[in-house]
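K.L.:
have a look; sequence and predicted model below, questions after that.
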Number of protein chains: 2
Amino acid sequence: MRQAAKQYGIALDQWLDLSTGINPDAWPVAAVSPESWQHLPQENDGLEQAAKLYYQARHVLPVAGSQAAIQSLPLLRPCGTVGMLSPAYAEHEYNWSRRGHTVLTLSPDNIEQHLPELDALLLVNPNNPTGQTYSVGKLLHWYEQLAAQGGWLIVDEAFMDSTPQQSLAPYADRPGLIVLRSLGKFFGLAGARCGFVLAESALLDNLKDLLGPWTVSGPAREVARRALGDTLWQETTRQKLTEQGGRLKQLLNCYSLGPDGGTSLFQWRQHPQALAIHEALARQGIWTRYFEHPVSLRFGLPTTEMQWQVLQQALQQLMSNLNLSLREEMHETLAR
Amino acid sequence: MRQAAKQYGIALDQWLDLSTGINPDAWPVAAVSPESWQHLPQENDGLEQAAKLYYQARHVLPVAGSQAAIQSLPLLRPCGTVGMLSPAYAEHEYNWSRRGHTVLTLSPDNIEQHLPELDALLLVNPNNPTGQTYSVGKLLHWYEQLAAQGGWLIVDEAFMDSTPQQSLAPYADRPGLIVLRSLGKFFGLAGARCGFVLAESALLDNLKDLLGPWTVSGPAREVARRALGDTLWQETTRQKLTEQGGRLKQLLNCYSLGPDGGTSLFQWRQHPQALAIHEALARQGIWTRYFEHPVSLRFGLPTTEMQWQVLQQALQQLMSNLNLSLREEMHETLAR
């Protein structure tokens, strides 16, 4: 954002930032107790219990955001072949590769045929940015196959909170099944650096030993504990995000940004002129996330009604210009 | 503390906790901006600049407490021989050992003679728990020798903030000189998980790459930035801690806990009956830190006048009992 502000000469607070999949209407953090700032974070403060209840998981390990787990899991098994989709959240591929594992890039329809070659299968469910999802039944079926050959199934559920019934969390105590969760997206607390690994306890012990003590700050533990226990806010937010996600999907479809995929927190669109659209929106102070492979855009949720209007007007103007210039191009081509 | 509360049947909020060297009168955290919770922590928010100014250092890397650096530094050089004192903060030895380095235990008076064998020398200055200090001149002299043989001098300055003139921070851009600082002790923000590594930029780049992005939470970055810039609070606190450290030293000396060492934030005492003293104080709700090697106690600072009185009375009663029982023991021995 700061870079974009500089590049486009628009002040930081003038942007409509749609570049993340973070809930813009975050869990409201009230005052944090002074003790949380002052004392070393303690384990038996109720956070683990709140997480077990919220995720419906038997064992949980709080970590400094899923990022901490993403960086560490490749260190917990001998180098081997890890299958993952592309595109997906890029930190996974980066971290398994740099630790010496072979990353096998899969497509949604050839996962099954490659399972016998894999030491681990890593899926983001729902996938970021494509929004692709996998059913509990299918994932457990794949897990059984992987586990039988000593492999892991790792499921990054960063965007699962709106659809908890699709989560593998309740099964994560099975050996070799690892689920990553985070308070960054649905709860909108990306700055807190608090996530959870759900897995069998032996693996969590290894991970804990690797990460060392006090990895999540005291204030983050306090805030996470309260947010995970706030079922009323969670239910309201689930409804609201489902509505708003639908609205964003419809809005993009209206302006010829056809349906590709998404979740309640973002929509993803492939478009041959994605970069031009990204830049044109940026010139109007709307910041989206541009992907090169494949050429595509990710749109997060606007918050206020005014922001929705700003996005709609920008899209309207932009897409009619794009259509116009496309038409002109065609005319020129035909005239030649 | 929670364990002690259980063991001694004293409610958690009834304890006088002197077990840490953390300033009990912490930098006062006011409200944190919602953005710090909601957005991924960003690097160019002013924290690095505030730290450079406060530490008088050219290059700084914020890390999730010194602990993050303590765990990672052993990974940044080939296995070798690392010299350190015993007793010292135990996490250093644990982490270098488990990464395959050979730890050579030194005593304050044989450091110099062992320098030629060392790949790294790691000192805590002032040392925790002994309070031993080393002058800038002596450390730079040792650094020159180590650097000439490709070695490192690592100085953990967790307790340096009361005596900034003794810090090596201004020299830390020299290749192979690494200084660790933290907001845990002097600022009393141990829960924030924010510390700094000061070193040449190439080493900091390697460390940053190893640790990955977003290691310090947004709220901690905001609070640390403000605390590091609050020079008025820092000056007042330096004076106050120096006074209170002196008072604690005197109090312990009064009750035959003779002078061993300390800093403005703690006092350390060797005593053959240290365990008995630790337990007797615990029964009265005063929690100290007991060390087995050598048999010793560390006392942190009381906060309120009432807490000072509680400590004084407990010591008075305890030490007269101890003297009594010692005298009885002697009488019995003589009578036999």
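P.N.:
The structure has been received and is ready for your questions.
K.L.:
from memory A:Gly245 sits against A:Leu252, does it?
P.N.:
No. Counting by Cβ atoms under 8 Å, A:Gly245 sits too far from A:Leu252 to count as a contact (11.1 Å). Glycine gets a C-beta too; all of them are placed from N, C-alpha and C.
K.L.:
tell me where the stretch 51-200 of chain A has strands.
P.N.:
A:60-63, A:81-85, A:102-106, A:120-124, A:152-156, A:177-182, A:195-198 (DSSP state E, counting those that start in this stretch).
K.L.:
span of stretch A:57-76 from start to end?
P.N.:
21 Å (Cα to Cα, to the nearest Å).
K.L.:
get me the contact residues on the stretch 1-150 of chain A for chain B.
P.N.:
A:1-2, A:20, A:22, A:26, A:28-29, A:31-32, A:34-42, A:44, A:64-65, A:67-68, A:71, A:95 (Cβ under 8 Å from any Cβ of the partner chain).
K.L.:
pLDDT score assigned to A:Asn321?
P.N.:
You'll see A:Asn321 listed with a pLDDT of 81.
K.L.:
ok so it is a helix residue?
P.N.:
Yes. Remark: A:Asn321 belongs to a helix, assigned using DSSP: H, G, I helix; E, B strand; the rest coil.
K.L.:
can you pull the contacts of it?
P.N.:
A:Ala280 (Cβ atoms under 8 Å, 6 or more residues apart in numbering or on different chains).
K.L.:
how near is it to A:Ala280?
P.N.:
As for A:Asn321, its distance to A:Ala280 is 8 Å (criterion: Cβ to Cβ, to the nearest Å).
K.L.:
in the stretch 51-200 of chain A, what residue comes closest to chain B?
P.N.:
Per Cβ to the nearest Cβ, A:Gly191 is where the stretch 51-200 of chain A lies closest to chain B, at 2.8 Å.
K.L.:
you'd agree that residue is up against B:Pro219?
P.N.:
Yes. If you go by Cβ under 8 Å, A:Gly191 and B:Pro219 touch, sitting 6.5 Å apart.
K.L.:
overlap in contacts, these two.
P.N.:
Joint contacts of A:Gly191 and B:Pro219 (Cβ under 8 Å, 6+ apart) are B:36-37.
K.L.:
and the pLDDT at the nearest residue to A:Gly212 once chain neighbours are set aside?
P.N.:
Excluding the flanking residues, the one nearest A:Gly212 by Cβ to Cβ, 6 or more residues apart in numbering or on different chains is B:Gln71, at 4.9 Å. Per-residue confidence (pLDDT) for B:Gln71: 97.
K.L.:
repeat for the one 4 residues further on
P.N.:
As predicted, B:Leu75 sits at a pLDDT of 97.
K.L.:
how near is it to B:His101?
P.N.:
Using Cβ to Cβ, B:Leu75 is found at 10 Å from B:His101.
K.L.:
between the two, which is the more surrounded one?
P.N.:
More crowded of B:Leu75 and B:His101, by other Cβ atoms under 10 Å in any protein chain shown: B:His101, with 19 against 12.
K.L.:
next, the more buried one: phi, psi?
P.N.:
B:His101 adopts backbone torsions of phi -80, psi 160, taken as degrees, to the nearest 10.
K.L.:
I figured it hits B:Cys79, correct?
P.N.:
Yes. The pair B:His101 and B:Cys79 qualifies as a contact (Cβ under 8 Å) at a distance of 5.2 Å.
K.L.:
and the strands of the stretch 51-200 of chain A as TSV, adding mean pLDDT?
P.N.:
Below are those laid out as TSV (pLDDT from 0 to 100):
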stretch	mean pLDDT
strand A:60-63	98
strand A:81-85	97
strand A:102-106	97
strand A:120-124	98
strand A:152-156	98
strand A:177-182	98
strand A:195-198	98
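K.L.:
and of the ones you listed, who's closest to B:Ala172?
P.N.:
Closest of the strands of the stretch 51-200 of chain A to B:Ala172 is strand A:60-63, at 29.8 Å (criterion: Cβ to Cβ).
K.L.:
list the helices and strands the closest one packs on?
P.N.:
With contacts taken as 3 or more Cβ pairs under 8 Å, 6 or more residues apart in numbering or on different chains; DSSP states H and E, strand A:60-63 sits against helix A:47-55, strand A:195-198, helix A:201-211.
K.L.:
that one pairs with which strands?
P.N.:
Looking at strand A:60-63 with DSSP bridges, its partner strands are strand A:195-198 (antiparallel).
K.L.:
not counting the strand it pairs with itself, show me its contacts.
P.N.:
Counting by Cβ under 8 Å, 6+ apart, A:51, A:55, A:57, A:59-69, A:169, A:172-173, A:178-184, A:204, A:207 sit against strand A:195-198.
K.L.:
pull up the gap between A:Trp214 and B:Glu91, please.
P.N.:
In terms of Cβ to Cβ, A:Trp214 sits 11 Å off from B:Glu91.
K.L.:
name the residues contacting each of these two.
P.N.:
In terms of Cβ under 8 Å, 6+ apart, A:Trp214 and B:Glu91 are both contacted by the residues B:Gln67.
K.L.:
neighbour count winner among the two?
P.N.:
A:Trp214 (21 against 15).
K.L.:
so what's the more buried one closest to, chain neighbours aside?
P.N.:
A:Pro41 is the one closest to A:Trp214 (Cβ to Cβ, 6+ apart), at 5.1 Å.
K.L.:
so what's that neighbour up against?
P.N.:
The contact partners of A:Pro41, by Cβ under 8 Å, 6+ apart, come to A:214, A:216-218, A:221, B:191, B:193.
K.L.:
in stretch A:258-272, which residues are buried?
P.N.:
A:260-269, A:271 (16 or more other Cβ atoms under 10 Å in any protein chain shown).
K.L.:
my guess is A:Gln307 is in a helix, correct?
P.N.:
Yes. A:Gln307: assigned to a helix according to three-state DSSP.
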